[in-house]
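Student: Quick check, what structure comes out for this input:
(2 chains)
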Amino acid sequence: MMQQIYKQLEEALKSVGIERAEFSTPPNSDMGDIAFPCFALAKEVGKNPAEVATELAATLNEVYAKEDLRESSLVKEIKAFGPYVNFFLDGPELASYVLNGISQQGDAYGTHADGKGKQVLIEFGCPNPMKIFHLGHLKNLITGESVVRVFENAGYDVKRVNYQGDVGMHIAKVLYGLQITDDGQRSFADVAKSMTEMKDASLAEKVAFLGKAYARGANAYEEDENAQKAVARLNEMVYEHDPSIQDVYKTGRGWSLEYFDTIYKKLGSHFDRMYFESETYERGVQLVEEGKEKGIFKESDGAIIFPGSEYELHDRVFLNSKGYPTYEGKELALAEMHFTEFNPYQVIHVVGKEQAGYFDVLFKALEQVMPHTKGREYHLVGGYLQLKGDQKMSSRKGNVISGDELLSAVQKGIQKILQEREDEHDISEETIETITSAALKYAMLKSDVSQDVAFDMEESVSTTGDSGPYLLYIVARISSILEKGQETNNKKQTISNLPSSITSEEKKLLLLLATYPEVTKRAVQTYDPSHIAKYTFELAQAFNAFYAACPVLTVEEDVRAVRLTLVSLVRQIMISGLRLLGIETVEKM
RNA sequence: GAGCCCAUAGUUAAAUGGAUAUAACAGGAGCCUUCUAAGCUCUCGUUCUAGGUUCGAUUCCUAGUGGGCUCACCA
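Tutor: Numbers count the residues shown, from 1 in each chain, chains lettered A, B, ... in the order given. Got it, this is the predicted structure:
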């Protein structure tokens, strides 16, 4: 909507011979609402920008006066400030323009059609069965879900896909860890028996049991040569579907997947297609071997590698010397499945930045094997969660925080705030969960998507200031106002009469509301939901300032009508923006 | 050793090459007989170093310093 307002100004500028115009926002509202920087123009005519601005402002003022534009225009005043020509918009006109404009579009306001007819696969989540679902996965899941919604909002047909490593060395390490006890090794029949005994235990206990086994297995693998051999053998047994491990393998895998499902549900995510490495490895081997015959892959030290070094990248192993595929080899088959099962315009892999080098090589190899994938694979680099003042989390060292632990820590913090409050109104358990989830998601999404998030378990997730609960709070406040104002609110969200005047707080809100579509567009263009997070925070701040300064229910009828419409639209945009972040709102808190 | 990424108040983060670098948290001072104080208002405090490009650099380039990640049969 801001673009349409800019367009009006562009028309005016065109009439004085200025063809291309870029606008910006002045640092504060005393200096105007929209700025036109004159640097480029000054360069063209070889004059100093401030001089050009002064002249241009004078010319524009004449145009507006002469052509009687002022009557129908949003522009109230044009002034030069140094090298800028600043436009002051008329408050009442702006209110009518923005409020009626948004009301007309309804829920479509802020959506786009750029992606119409284009399918996008977004791969995220990607935990490894039998291993812990840690904070990094949590962040990835939250980021991915939001990116999905941002793309859907832009008209794309989005498919959520998840790719999970249910075969490979990490699984072998878990299996080995399950075998080791203080007294030595036990058979898989014994392991299976102990797992059967656990069938009534909670999912969390079951998953913790597997997590410990991984830690034991991985440590043994690093320290002990015999363990390495045993793990390598187990890896082969998994690929060969060896009967002796099937019970344990299937039970453990099932526990994990069931557990992941509870997390997806809790965070409001779901997937259209779950891929598993167990369905990609056979075809992966074939693809590498076919590629080798075409000269794409090469043999080296008994393994099959892709010579990335020929493309200023690095070499990577696709088939190990035993003939089993590595992650790379399997991923070729995954890509093939993506492109046969779907018709993706783009495949977006939401993965941490530590894998940037890996994806560079993989995509290059893919281009050779399947030329039609060229330019369609995209690694969306996610920053990772860094424990504050500590080293990176490692499931092997055991200093991991699981998604569950974090969720309950945040929930505790929120319950504490509720207890400290004086006016106690009923807050349901469901509301507390929604607030918890909002706090967590907002904390993960408010920084640039590629930026590492420093995370302090002590401070946990903030519930004041720039936080999820702060955002939900304004929705609750507005809902309360609307409920109380209902008896005279005629429900139609358009205003027929121009308000007599508009406060600076109202104007700030109007201008922000007008910007929303540009924000959602920027988010999809940059693959970065944080723009929306920042916007919702700004909108919330502006609303709270308005709330403190401008009563809604206790003012004369015409002002009241405008303000009711305004806050109801703020609520609409707030809910819409938060929904794109995957955050649900509450009516009361 | 090579490649990629990063460096902004005490802390965590913003800023299409443009106006007085913006917020939150923490610290200090105020505001609830009036629509929810998880709030509002005021206050203290910042661009790693050295060059360069530019009318103008937190932003672009070069070098340095300090961090993170990756670099062969793990994912």
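Student: Below-threshold pLDDT in the stretch 251-400 of chain A: ranges please.
Tutor: A:387-400 (pLDDT under 70).
Student: and the residue in it that RNA strand B sits nearest to, what does it touch?
Tutor: Proximity to RNA strand B, evaluated over the stretch 251-400 of chain A using CB to the nearest atom of the strand, is greatest for residue A:320 at 2.1 Å. Yep, even glycine has a C-beta here, placed from its N, CA and C like the rest. Contacts for residue A:320 were tallied using CB atoms under 8 Å, 6 or more residues apart in numbering; they are A:303, A:326.
Student: Now it: phi and psi?
Tutor: phi -80, psi 170 (degrees, to the nearest 10).
Student: So residue A:384 sits against residue A:352, correct?
Tutor: Yes. Between residue A:384 and residue A:352 there is a contact at 4.9 Å, judged by CB atoms under 8 Å.
Student: Which parts of chain A belong to which domain?
Tutor: Domains of chain A are assigned by automatic domain parsing as A:2-89, A:166-278, A:280-399, A:403-580.
Student: mind checking which of those domains is nearest residue A:146?
Tutor: domain A:403-580 (4.0 Å; CB to CB).
Student: so residue A:331 touches residue A:362, yeah?
Tutor: Yes. Using CB under 8 Å, residue A:331 is in contact with residue A:362, at 5.8 Å.
Student: anything in the strand or helix carrying residue A:479 near RNA strand B?
Tutor: Following DSSP states H and E, one finds residue A:479 within helix A:468-485. Yes. Helix A:468-485 lies within reach of RNA strand B by CB under 7 Å from any atom of the strand, at A:469-470, A:473, A:476-477, A:479-481, A:484.
Student: now the helices for the stretch 451-589 of chain A?
Tutor: A:468-485, A:504-526, A:530-549, A:557-580 (DSSP state H, counting those that start in this stretch).
Student: what's the closest of these to residue A:125?
Tutor: Nearest to residue A:125, of the helices of the stretch 451-589 of chain A and by CB to CB, is helix A:557-580 at 18.4 Å.
Student: Using PDB, write out the CA atom coordinates for the closest one.
Tutor: What follows is helix A:557-580, C-alpha atoms only, in PDB (Å, rounded to 0.1, in the frame of the first residue of the first chain):
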ATOM      1  CA  GLU A 557     -18.500   9.200  18.800                       C
ATOM      2  CA  ASP A 558     -16.600  10.100  15.500                       C
ATOM      3  CA  VAL A 559     -13.200   9.700  17.000                       C
ATOM      4  CA  ARG A 560     -14.200   6.500  18.700                       C
ATOM      5  CA  ALA A 561     -15.400   5.000  15.400                       C
ATOM      6  CA  VAL A 562     -12.100   5.800  13.700                       C
ATOM      7  CA  ARG A 563     -10.100   4.400  16.600                       C
ATOM      8  CA  LEU A 564     -12.100   1.300  16.800                       C
ATOM      9  CA  THR A 565     -11.500   0.600  13.100                       C
ATOM     10  CA  LEU A 566      -7.900   1.400  13.500                       C
ATOM     11  CA  VAL A 567      -7.300  -0.900  16.400                       C
ATOM     12  CA  SER A 568      -9.300  -3.700  14.800                       C
ATOM     13  CA  LEU A 569      -7.100  -3.500  11.700                       C
ATOM     14  CA  VAL A 570      -4.000  -3.400  13.800                       C
ATOM     15  CA  ARG A 571      -5.200  -6.600  15.400                       C
ATOM     16  CA  GLN A 572      -5.900  -8.100  11.900                       C
ATOM     17  CA  ILE A 573      -2.300  -7.300  10.700                       C
ATOM     18  CA  MET A 574      -0.800  -8.400  13.900                       C
ATOM     19  CA  ILE A 575      -2.500 -11.700  13.800                       C
ATOM     20  CA  SER A 576      -1.600 -12.100  10.100                       C
ATOM     21  CA  GLY A 577       2.100 -11.200  10.700                       C
ATOM     22  CA  LEU A 578       2.400 -13.600  13.700                       C
ATOM     23  CA  ARG A 579       0.700 -16.300  11.700                       C
ATOM     24  CA  LEU A 580       3.500 -16.000   9.100                       C
END
